[in-house]
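# return a 3D structure for these sequence lines:
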Amino acid sequence: MRLRLVAVSLLCVAAGTAGAQAAKSKTMQTGQSPELRIDFVEDQLPNGLKVIYHVDRSTPVAAVVVWYNVGSKHEQARRTGFAHLFEHMMFQGSKNVAKGQHFALLEAAGGRGGADINGTTNTDRTNYFEQVPSNQLELALWLEADRMGSLLETVDKVKLDNQREVVKNERRQGVDNQPYGTWFEKLQGTVFPANHPYSHSVIGSMDDLSAATVDDVHTFFKTYYAPNNAVVVIAGDIDVPSAKALVRKHFAAIPRGPAVPALANMGVPTVIGREQRFLVEDPLAPAPRVYVAYRVPAAKDKRAPAVTLLGDVIGSGRSSRLYDALVRRDQVATTVAGFNFGYADGADMLIFTATGRPGSSADSLERALIAELGKVGGNFTQEELDRARANERFAFVNGLQTTGGFGGRADRLAEGWTYFRDPNYVNKALAEFDKVTLADLNKLARERLVPTNRVIGVYVPVKKPAATTTSGTN
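You can find the predicted model right below:
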(Lines give C-alpha, C1' and ligand atoms only; values in the text may rest on other atoms or scores of the structure.)
Protein backbone atom coordinates (compact mmCIF):
# COMPACT_ATOMS: atom_id res chain seq x y z
CA MET A 1 0.00 0.00 0.00
CA ARG A 2 2.88 2.35 0.80
CA LEU A 3 4.39 1.69 -2.62
CA ARG A 4 1.12 2.37 -4.37
CA LEU A 5 0.62 5.69 -2.63
CA VAL A 6 4.18 6.79 -3.46
CA ALA A 7 3.69 5.77 -7.08
CA VAL A 8 0.37 7.56 -7.31
CA SER A 9 1.89 10.75 -5.89
CA LEU A 10 4.40 10.68 -8.75
CA LEU A 11 1.56 10.32 -11.19
CA CYS A 12 -0.11 13.42 -9.79
CA VAL A 13 2.77 15.57 -11.01
CA ALA A 14 2.44 14.40 -14.60
CA ALA A 15 -1.20 13.51 -15.08
CA GLY A 16 -3.23 15.40 -12.53
CA THR A 17 -5.23 14.20 -9.55
CA ALA A 18 -8.09 12.68 -11.52
CA GLY A 19 -5.76 10.47 -13.53
CA ALA A 20 -3.88 9.49 -10.41
CA GLN A 21 -7.05 8.42 -8.64
CA ALA A 22 -8.03 6.32 -11.63
CA ALA A 23 -4.62 4.67 -11.63
CA LYS A 24 -4.87 4.05 -7.89
CA SER A 25 -8.26 2.40 -8.30
CA LYS A 26 -6.99 0.20 -11.13
CA THR A 27 -3.93 -0.82 -9.12
CA MET A 28 -5.99 -1.89 -6.12
CA GLN A 29 -8.33 -3.92 -8.31
CA THR A 30 -5.67 -5.77 -10.35
CA GLY A 31 -2.58 -5.84 -8.12
CA GLN A 32 -0.52 -4.50 -11.00
CA SER A 33 1.86 -1.58 -10.96
CA PRO A 34 0.42 1.90 -11.45
CA GLU A 35 0.92 3.46 -14.84
CA LEU A 36 3.85 5.81 -14.38
CA ARG A 37 4.71 8.37 -17.02
CA ILE A 38 7.99 10.25 -17.20
CA ASP A 39 7.61 12.63 -20.14
CA PHE A 40 10.65 13.55 -22.22
CA VAL A 41 11.77 15.14 -25.47
CA GLU A 42 14.49 13.55 -27.62
CA ASP A 43 17.06 15.29 -29.79
CA GLN A 44 20.33 14.44 -31.53
CA LEU A 45 23.16 16.64 -32.71
CA PRO A 46 24.94 16.16 -36.06
CA ASN A 47 28.02 14.86 -34.19
CA GLY A 48 25.96 11.95 -32.86
CA LEU A 49 25.32 13.22 -29.33
CA LYS A 50 21.97 12.01 -28.03
CA VAL A 51 20.15 14.53 -25.82
CA ILE A 52 17.03 13.94 -23.73
CA TYR A 53 15.03 16.64 -21.93
CA HIS A 54 12.60 16.10 -19.04
CA VAL A 55 10.64 19.00 -17.51
CA ASP A 56 9.76 19.02 -13.80
CA ARG A 57 8.91 22.39 -12.28
CA SER A 58 8.22 21.11 -8.76
CA THR A 59 11.57 22.48 -7.50
CA PRO A 60 13.89 25.13 -8.99
CA VAL A 61 16.74 22.74 -9.81
CA ALA A 62 18.24 21.35 -13.01
CA ALA A 63 20.06 18.05 -13.32
CA VAL A 64 22.59 17.13 -15.99
CA VAL A 65 23.50 13.48 -16.45
CA VAL A 66 26.04 12.21 -18.99
CA TRP A 67 26.33 8.50 -19.72
CA TYR A 68 29.22 7.22 -21.83
CA ASN A 69 28.70 3.79 -23.31
CA VAL A 70 31.95 2.47 -21.85
CA GLY A 71 32.64 0.25 -18.88
CA SER A 72 35.10 -2.42 -17.89
CA LYS A 73 33.69 -4.80 -20.52
CA HIS A 74 35.21 -2.56 -23.22
CA GLU A 75 38.76 -2.87 -21.88
CA GLN A 76 41.46 -4.88 -23.60
CA ALA A 77 43.52 -7.67 -22.11
CA ARG A 78 46.30 -6.34 -19.84
CA ARG A 79 44.67 -2.91 -19.91
CA THR A 80 42.01 -3.38 -17.24
CA GLY A 81 40.81 -0.57 -14.99
CA PHE A 82 40.86 2.10 -17.71
CA ALA A 83 37.17 3.01 -17.54
CA HIS A 84 37.38 3.48 -13.79
CA LEU A 85 40.66 5.37 -14.12
CA PHE A 86 38.92 7.81 -16.46
CA GLU A 87 36.17 8.36 -13.94
CA HIS A 88 38.93 9.94 -11.86
CA MET A 89 40.75 11.63 -14.73
CA MET A 90 37.59 13.46 -15.82
CA PHE A 91 37.68 15.50 -12.61
CA GLN A 92 41.32 16.57 -13.02
CA GLY A 93 40.75 19.57 -15.23
CA SER A 94 40.36 20.25 -18.95
CA LYS A 95 41.34 23.03 -21.35
CA ASN A 96 39.36 25.79 -19.62
CA VAL A 97 38.88 24.26 -16.18
CA ALA A 98 41.78 23.99 -13.77
CA LYS A 99 42.42 20.91 -11.68
CA GLY A 100 39.98 20.76 -8.77
CA GLN A 101 37.72 23.46 -10.21
CA HIS A 102 34.95 21.19 -11.51
CA PHE A 103 33.66 20.54 -8.00
CA ALA A 104 34.56 24.02 -6.77
CA LEU A 105 32.59 25.85 -9.48
CA LEU A 106 29.50 23.69 -9.07
CA GLU A 107 29.55 23.88 -5.29
CA ALA A 108 29.90 27.65 -5.45
CA ALA A 109 26.82 27.66 -7.69
CA GLY A 110 24.75 25.67 -5.17
CA GLY A 111 25.53 22.04 -5.95
CA ARG A 112 26.45 19.57 -3.24
CA GLY A 113 29.61 17.52 -3.68
CA GLY A 114 29.05 13.77 -3.63
CA ALA A 115 25.26 13.80 -3.53
CA ASP A 116 24.68 16.13 -6.48
CA ILE A 117 28.08 16.02 -8.22
CA ASN A 118 29.80 12.73 -8.89
CA GLY A 119 30.67 9.95 -11.31
CA THR A 120 30.47 6.17 -11.22
CA THR A 121 31.75 3.28 -13.35
CA ASN A 122 30.50 -0.27 -13.74
CA THR A 123 30.94 -3.12 -16.19
CA ASP A 124 28.70 -1.54 -18.85
CA ARG A 125 28.84 2.27 -18.59
CA THR A 126 30.36 5.35 -17.00
CA ASN A 127 28.14 8.19 -15.78
CA TYR A 128 28.69 11.72 -14.51
CA PHE A 129 26.03 13.87 -12.90
CA GLU A 130 25.45 17.24 -11.31
CA GLN A 131 22.37 18.97 -9.95
CA VAL A 132 22.34 22.74 -9.53
CA PRO A 133 19.87 25.58 -9.17
CA SER A 134 18.11 25.86 -12.52
CA ASN A 135 19.63 29.27 -13.25
CA GLN A 136 23.06 27.56 -13.24
CA LEU A 137 22.24 25.05 -15.99
CA GLU A 138 24.66 26.59 -18.46
CA LEU A 139 27.55 26.20 -16.03
CA ALA A 140 26.90 22.46 -15.72
CA LEU A 141 26.63 22.03 -19.49
CA TRP A 142 29.78 24.05 -20.13
CA LEU A 143 31.76 21.94 -17.66
CA GLU A 144 30.61 18.65 -19.19
CA ALA A 145 31.27 19.88 -22.73
CA ASP A 146 34.71 21.19 -21.86
CA ARG A 147 35.93 17.87 -20.53
CA MET A 148 34.27 15.91 -23.33
CA GLY A 149 35.91 18.07 -25.96
CA SER A 150 39.25 19.04 -24.47
CA LEU A 151 40.29 16.71 -21.63
CA LEU A 152 43.19 15.21 -23.58
CA GLU A 153 44.80 18.63 -23.97
CA THR A 154 45.66 18.50 -20.27
CA VAL A 155 46.35 14.79 -19.70
CA ASP A 156 50.05 14.24 -19.09
CA LYS A 157 52.18 11.74 -17.22
CA VAL A 158 52.04 13.74 -13.99
CA LYS A 159 48.23 13.62 -13.88
CA LEU A 160 48.19 9.99 -14.95
CA ASP A 161 50.67 8.99 -12.26
CA ASN A 162 48.72 10.92 -9.65
CA GLN A 163 45.36 9.33 -10.45
CA ARG A 164 46.92 5.92 -10.99
CA GLU A 165 48.08 6.03 -7.37
CA VAL A 166 44.66 7.26 -6.22
CA VAL A 167 42.99 4.28 -7.90
CA LYS A 168 45.60 1.88 -6.54
CA ASN A 169 44.97 3.21 -3.05
CA GLU A 170 41.23 2.85 -3.63
CA ARG A 171 41.83 -0.78 -4.51
CA ARG A 172 43.94 -1.31 -1.40
CA GLN A 173 41.25 0.20 0.82
CA GLY A 174 38.20 -1.32 -0.87
CA VAL A 175 39.49 -4.71 -2.01
CA ASP A 176 42.87 -5.87 -0.78
CA ASN A 177 42.57 -4.67 2.82
CA GLN A 178 38.87 -5.29 3.41
CA PRO A 179 37.35 -8.37 5.01
CA TYR A 180 36.04 -10.57 2.16
CA GLY A 181 37.27 -7.81 -0.18
CA THR A 182 38.17 -10.04 -3.12
CA TRP A 183 34.82 -11.86 -3.35
CA PHE A 184 33.53 -9.88 -6.32
CA GLU A 185 36.48 -10.30 -8.63
CA LYS A 186 36.92 -13.95 -7.68
CA LEU A 187 33.29 -14.70 -8.55
CA GLN A 188 33.57 -12.76 -11.81
CA GLY A 189 36.70 -14.64 -12.77
CA THR A 190 35.03 -18.00 -12.15
CA VAL A 191 31.47 -17.47 -13.40
CA PHE A 192 32.84 -16.09 -16.68
CA PRO A 193 35.59 -17.59 -18.88
CA ALA A 194 39.03 -16.03 -18.72
CA ASN A 195 38.65 -14.18 -22.04
CA HIS A 196 35.15 -12.86 -21.30
CA PRO A 197 34.70 -9.06 -20.94
CA TYR A 198 32.98 -9.58 -17.56
CA SER A 199 35.73 -11.80 -16.15
CA HIS A 200 37.76 -8.95 -14.61
CA SER A 201 36.83 -6.37 -12.02
CA VAL A 202 35.98 -2.75 -12.73
CA ILE A 203 38.81 -1.40 -10.62
CA GLY A 204 41.39 -3.41 -12.58
CA SER A 205 44.60 -5.08 -11.47
CA MET A 206 47.64 -3.43 -9.92
CA ASP A 207 49.84 -4.69 -12.75
CA ASP A 208 47.60 -3.27 -15.47
CA LEU A 209 47.30 0.08 -13.72
CA SER A 210 51.08 0.24 -13.37
CA ALA A 211 51.58 -0.56 -17.06
CA ALA A 212 49.22 2.14 -18.40
CA THR A 213 50.94 4.79 -20.51
CA VAL A 214 49.82 8.25 -21.59
CA ASP A 215 49.42 6.93 -25.14
CA ASP A 216 47.16 4.12 -23.86
CA VAL A 217 45.03 6.65 -22.04
CA HIS A 218 44.76 8.94 -25.06
CA THR A 219 43.71 6.06 -27.31
CA PHE A 220 41.06 4.87 -24.87
CA PHE A 221 39.61 8.35 -24.46
CA LYS A 222 39.47 9.06 -28.20
CA THR A 223 37.67 5.77 -28.78
CA TYR A 224 34.97 5.95 -26.13
CA TYR A 225 34.53 9.49 -24.73
CA ALA A 226 33.10 11.05 -27.87
CA PRO A 227 29.67 12.60 -28.47
CA ASN A 228 28.53 9.71 -30.68
CA ASN A 229 29.11 7.33 -27.75
CA ALA A 230 27.29 9.40 -25.13
CA VAL A 231 23.86 10.58 -24.03
CA VAL A 232 23.16 13.82 -22.14
CA VAL A 233 19.97 14.09 -20.09
CA ILE A 234 18.80 17.48 -18.83
CA ALA A 235 15.99 17.32 -16.32
CA GLY A 236 14.17 19.64 -13.96
CA ASP A 237 12.98 23.24 -14.02
CA ILE A 238 14.04 23.93 -17.60
CA ASP A 239 12.75 25.55 -20.74
CA VAL A 240 13.36 22.99 -23.49
CA PRO A 241 14.02 25.42 -26.39
CA SER A 242 16.47 27.39 -24.26
CA ALA A 243 18.17 24.22 -23.06
CA LYS A 244 18.48 23.01 -26.66
CA ALA A 245 20.19 26.24 -27.60
CA LEU A 246 22.67 25.85 -24.74
CA VAL A 247 23.44 22.27 -25.73
CA ARG A 248 24.19 23.31 -29.29
CA LYS A 249 26.28 26.22 -28.07
CA HIS A 250 28.55 24.01 -25.98
CA PHE A 251 28.49 20.55 -27.57
CA ALA A 252 27.89 21.00 -31.29
CA ALA A 253 31.51 21.82 -32.15
CA ILE A 254 32.91 18.68 -30.48
CA PRO A 255 33.92 16.34 -33.31
CA ARG A 256 32.41 12.89 -33.70
CA GLY A 257 34.70 10.08 -32.60
CA PRO A 258 35.59 6.89 -34.45
CA ALA A 259 33.19 3.97 -34.63
CA VAL A 260 33.29 2.11 -31.33
CA PRO A 261 34.72 -1.42 -31.70
CA ALA A 262 32.16 -4.21 -31.48
CA LEU A 263 32.20 -6.22 -28.28
CA ALA A 264 33.72 -9.66 -28.67
CA ASN A 265 33.16 -12.91 -26.76
CA MET A 266 30.04 -11.74 -24.93
CA GLY A 267 28.16 -14.98 -25.54
CA VAL A 268 28.53 -17.80 -23.01
CA PRO A 269 26.82 -21.18 -22.56
CA THR A 270 23.59 -21.20 -20.59
CA VAL A 271 25.26 -22.87 -17.61
CA ILE A 272 28.84 -22.94 -16.37
CA GLY A 273 29.11 -26.68 -16.97
CA ARG A 274 30.37 -27.91 -13.61
CA GLU A 275 30.46 -26.80 -10.02
CA GLN A 276 33.53 -24.72 -9.24
CA ARG A 277 34.94 -23.67 -5.89
CA PHE A 278 37.49 -21.41 -4.27
CA LEU A 279 38.62 -21.07 -0.67
CA VAL A 280 40.13 -17.93 0.85
CA GLU A 281 41.83 -17.87 4.22
CA ASP A 282 41.17 -14.27 5.17
CA PRO A 283 43.13 -12.71 8.05
CA LEU A 284 40.69 -9.80 8.17
CA ALA A 285 37.44 -11.80 8.24
CA PRO A 286 35.75 -11.84 11.66
CA ALA A 287 33.52 -14.82 10.76
CA PRO A 288 33.08 -17.35 7.95
CA ARG A 289 31.19 -16.28 4.87
CA VAL A 290 29.95 -18.29 1.88
CA TYR A 291 29.07 -17.02 -1.60
CA VAL A 292 27.17 -19.04 -4.19
CA ALA A 293 26.94 -17.55 -7.68
CA TYR A 294 24.96 -18.72 -10.72
CA ARG A 295 25.14 -17.71 -14.38
CA VAL A 296 21.75 -16.21 -15.38
CA PRO A 297 20.20 -14.18 -18.24
CA ALA A 298 21.53 -10.63 -18.71
CA ALA A 299 19.65 -7.35 -18.38
CA LYS A 300 18.81 -7.18 -22.09
CA ASP A 301 17.18 -10.63 -21.93
CA LYS A 302 13.40 -10.75 -21.57
CA ARG A 303 13.88 -12.95 -18.47
CA ALA A 304 15.88 -10.27 -16.62
CA PRO A 305 12.97 -9.19 -14.37
CA ALA A 306 12.49 -12.82 -13.32
CA VAL A 307 16.18 -13.01 -12.37
CA THR A 308 15.82 -10.03 -10.05
CA LEU A 309 12.63 -11.38 -8.48
CA LEU A 310 14.24 -14.79 -7.99
CA GLY A 311 17.05 -13.22 -5.98
CA ASP A 312 14.53 -11.27 -3.91
CA VAL A 313 12.36 -14.28 -3.06
CA ILE A 314 15.29 -16.45 -2.01
CA GLY A 315 17.63 -14.03 -0.28
CA SER A 316 16.48 -10.43 0.01
CA GLY A 317 15.16 -9.16 3.33
CA ARG A 318 13.65 -10.71 6.42
CA SER A 319 10.81 -12.32 4.50
CA SER A 320 13.16 -14.28 2.23
CA ARG A 321 13.64 -18.02 2.37
CA LEU A 322 17.28 -17.83 3.37
CA TYR A 323 16.62 -15.45 6.24
CA ASP A 324 13.78 -17.59 7.53
CA ALA A 325 15.85 -20.79 7.39
CA LEU A 326 19.42 -19.78 8.20
CA VAL A 327 18.97 -16.76 10.51
CA ARG A 328 15.60 -17.20 12.19
CA ARG A 329 15.13 -20.99 12.32
CA ASP A 330 18.56 -22.67 12.36
CA GLN A 331 20.55 -19.66 13.58
CA VAL A 332 23.65 -20.67 11.62
CA ALA A 333 23.96 -17.26 9.93
CA THR A 334 23.83 -13.68 11.14
CA THR A 335 23.11 -12.16 7.71
CA VAL A 336 22.03 -13.41 4.29
CA ALA A 337 21.52 -11.73 0.92
CA GLY A 338 20.42 -12.48 -2.62
CA PHE A 339 20.98 -10.16 -5.61
CA ASN A 340 22.01 -9.89 -9.24
CA PHE A 341 24.13 -7.17 -10.86
CA GLY A 342 22.11 -6.48 -13.99
CA TYR A 343 24.98 -6.95 -16.45
CA ALA A 344 23.70 -5.77 -19.80
CA ASP A 345 25.09 -8.28 -22.31
CA GLY A 346 25.65 -12.01 -22.57
CA ALA A 347 24.95 -13.14 -19.01
CA ASP A 348 24.56 -11.90 -15.45
CA MET A 349 25.49 -13.22 -12.00
CA LEU A 350 22.87 -14.15 -9.38
CA ILE A 351 24.58 -14.34 -5.99
CA PHE A 352 23.52 -15.65 -2.61
CA THR A 353 25.63 -15.17 0.49
CA ALA A 354 25.50 -16.03 4.17
CA THR A 355 27.74 -14.88 7.02
CA GLY A 356 28.21 -17.13 10.04
CA ARG A 357 28.82 -16.35 13.66
CA PRO A 358 32.38 -15.65 14.86
CA GLY A 359 34.01 -18.96 15.69
CA SER A 360 31.45 -21.03 13.81
CA SER A 361 32.19 -23.65 11.17
CA ALA A 362 32.45 -22.57 7.54
CA ASP A 363 31.64 -26.13 6.46
CA SER A 364 28.39 -26.12 8.42
CA LEU A 365 27.43 -22.74 7.02
CA GLU A 366 28.11 -23.90 3.46
CA ARG A 367 26.09 -27.10 3.91
CA ALA A 368 23.15 -25.15 5.29
CA LEU A 369 23.20 -22.59 2.48
CA ILE A 370 23.54 -25.23 -0.26
CA ALA A 371 20.76 -27.28 1.32
CA GLU A 372 18.34 -24.36 1.26
CA LEU A 373 19.24 -23.44 -2.31
CA GLY A 374 18.62 -27.07 -3.23
CA LYS A 375 15.04 -26.79 -2.00
CA VAL A 376 14.00 -24.04 -4.44
CA GLY A 377 13.65 -26.13 -7.57
CA GLY A 378 10.35 -24.67 -8.62
CA ASN A 379 8.14 -24.57 -5.54
CA PHE A 380 7.63 -20.85 -5.02
CA THR A 381 4.27 -19.43 -4.03
CA GLN A 382 2.25 -16.58 -5.45
CA GLU A 383 2.54 -14.78 -2.13
CA GLU A 384 6.35 -14.84 -2.37
CA LEU A 385 6.27 -13.53 -5.93
CA ASP A 386 3.85 -10.74 -5.07
CA ARG A 387 5.93 -9.65 -2.09
CA ALA A 388 9.14 -9.55 -4.13
CA ARG A 389 7.41 -7.63 -6.90
CA ALA A 390 6.11 -5.06 -4.39
CA ASN A 391 9.66 -4.54 -3.09
CA GLU A 392 10.98 -3.91 -6.59
CA ARG A 393 8.11 -1.52 -7.36
CA PHE A 394 8.86 0.50 -4.29
CA ALA A 395 12.60 0.67 -4.92
CA PHE A 396 12.09 1.74 -8.54
CA VAL A 397 9.45 4.37 -7.82
CA ASN A 398 11.28 5.69 -4.77
CA GLY A 399 14.32 6.38 -6.94
CA LEU A 400 12.18 8.35 -9.36
CA GLN A 401 11.31 10.86 -6.63
CA THR A 402 14.65 12.55 -7.34
CA THR A 403 15.38 14.52 -10.50
CA GLY A 404 19.11 13.91 -10.83
CA GLY A 405 21.73 12.01 -8.93
CA PHE A 406 22.24 8.26 -8.94
CA GLY A 407 19.01 6.39 -9.82
CA GLY A 408 16.85 9.50 -10.37
CA ARG A 409 14.69 10.25 -13.38
CA ALA A 410 17.54 11.66 -15.46
CA ASP A 411 19.67 8.61 -14.68
CA ARG A 412 16.86 6.21 -15.68
CA LEU A 413 16.32 8.02 -18.99
CA ALA A 414 20.04 7.74 -19.75
CA GLU A 415 20.00 4.07 -18.78
CA GLY A 416 17.17 3.34 -21.18
CA TRP A 417 18.97 4.94 -24.10
CA THR A 418 22.39 3.42 -23.34
CA TYR A 419 21.25 -0.17 -22.85
CA PHE A 420 18.09 -0.40 -24.98
CA ARG A 421 18.27 2.61 -27.30
CA ASP A 422 14.91 3.51 -25.76
CA PRO A 423 14.59 6.26 -23.13
CA ASN A 424 10.97 5.18 -22.73
CA TYR A 425 12.30 2.11 -20.92
CA VAL A 426 11.69 4.01 -17.67
CA ASN A 427 7.96 3.90 -18.40
CA LYS A 428 7.99 0.19 -19.24
CA ALA A 429 10.09 -1.27 -16.43
CA LEU A 430 7.33 -1.84 -13.88
CA ALA A 431 5.11 -3.51 -16.48
CA GLU A 432 7.96 -5.93 -17.22
CA PHE A 433 7.97 -6.99 -13.57
CA ASP A 434 4.20 -7.43 -13.74
CA LYS A 435 4.59 -9.87 -16.63
CA VAL A 436 6.62 -12.34 -14.58
CA THR A 437 4.45 -15.32 -13.63
CA LEU A 438 4.91 -17.95 -10.98
CA ALA A 439 5.63 -20.44 -13.77
CA ASP A 440 8.40 -18.16 -15.09
CA LEU A 441 10.01 -17.95 -11.66
CA ASN A 442 9.86 -21.67 -11.03
CA LYS A 443 11.17 -22.51 -14.50
CA LEU A 444 14.14 -20.17 -14.11
CA ALA A 445 15.00 -21.72 -10.74
CA ARG A 446 14.85 -25.27 -12.13
CA GLU A 447 17.07 -24.36 -15.09
CA ARG A 448 19.72 -22.21 -13.44
CA LEU A 449 19.93 -23.03 -9.71
CA VAL A 450 21.64 -26.36 -10.35
CA PRO A 451 25.01 -27.72 -9.16
CA THR A 452 26.52 -27.61 -12.66
CA ASN A 453 25.86 -23.87 -12.85
CA ARG A 454 27.29 -22.64 -9.59
CA VAL A 455 30.47 -21.27 -8.10
CA ILE A 456 30.98 -21.63 -4.36
CA GLY A 457 33.36 -19.27 -2.62
CA VAL A 458 34.21 -19.81 1.05
CA TYR A 459 35.99 -17.26 3.25
CA VAL A 460 37.51 -18.65 6.44
CA PRO A 461 39.05 -16.49 9.16
CA VAL A 462 42.71 -17.27 9.67
CA LYS A 463 43.18 -18.80 13.09
CA LYS A 464 45.42 -16.77 15.30
CA PRO A 465 48.27 -18.70 16.91
CA ALA A 466 47.64 -19.64 20.48
CA ALA A 467 49.22 -17.34 23.01
CA THR A 468 52.29 -18.81 24.72
CA THR A 469 53.53 -18.07 28.19
CA THR A 470 57.06 -18.31 29.51
CA SER A 471 58.25 -18.64 33.01
CA GLY A 472 61.57 -17.75 34.56
CA THR A 473 63.32 -16.48 37.62
CA ASN A 474 64.57 -13.06 38.33
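# and the strands in this protein?
With DSSP state E as the criterion, the chain has strands at 41-44, 50-55, 61-68, 117-121, 126-133, 230-236, 276-282, 289-296, 335-340, 348-355, 454-461.
# need these in CSV with mean pLDDT, can you?
Listed next are the strands of the chain as CSV, based on pLDDT from 0 to 100:
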stretch, mean pLDDT
strand 41-44, 98
strand 50-55, 98
strand 61-68, 96
strand 117-121, 92
strand 126-133, 94
strand 230-236, 98
strand 276-282, 97
strand 289-296, 98
strand 335-340, 97
strand 348-355, 98
strand 454-461, 98
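# looking at those, which is nearest to Phe433?
strand 335-340 (13.7 Å; CB to CB). Heads up, the C-betas are built off the backbone N, CA and C, glycines and all.
# neighbours of Leu151, just the number please.
21 (other CB atoms under 10 Å).
# OK, contacts around it?
The contact partners of Leu151, by CB atoms under 8 Å, 6 or more residues apart in numbering, come to 89-90, 94-95, 221, 225.
# buried ones among these?
89-90, 94, 221, 225 (16 or more other CB atoms under 10 Å).
# pLDDT and distance to Gly119 added to those residues, as JSON lines?
Formatted as JSON lines, the buried ones among the contacts of Leu151 follow (pLDDT from 0 to 100; distance: CB to CB, whole Å):
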{"residue": "Met89", "pLDDT": "86", "distance to Gly119": "10"}
{"residue": "Met90", "pLDDT": "87", "distance to Gly119": "6"}
{"residue": "Ser94", "pLDDT": "91", "distance to Gly119": "14"}
{"residue": "Phe221", "pLDDT": "90", "distance to Gly119": "14"}
{"residue": "Tyr225", "pLDDT": "94", "distance to Gly119": "12"}
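# burial count for Ser364?
13.
# so what's it scoring on pLDDT?
pLDDT recorded at Ser364 is 97.
# next: the one 5 residues further on.
In the predicted model, Leu369 carries a pLDDT score of 98.
# excluding its backbone neighbours, what's nearest it?
Closest residue to Leu369 apart from its sequence neighbours, by CB to CB, 6 or more residues apart in numbering: Ala354 at 4.8 Å.
# would you check how far apart the one you found and Val191 are?
Using CB to CB, to the nearest Å, we find Ala354 at a distance of 18 Å from Val191.
# same thing with Ala344?
For Ala344 relative to Val191 (CB to CB), the value is 16 Å.
# likewise for Asp330?
Taken as CB to CB, the span from Asp330 to Val191 is 27 Å.
# can you give me the offset of stretch 35-45 from its chain's centre?
Distance of stretch 35-45 from the chain centroid (CA atoms, centre = their mean, to the nearest Å) equals 22 Å.
# list the buried residues for that stretch?
Going by 16+ other CB under 10 Å, stretch 35-45 has these buried residues: 35-38, 40, 43, 45.
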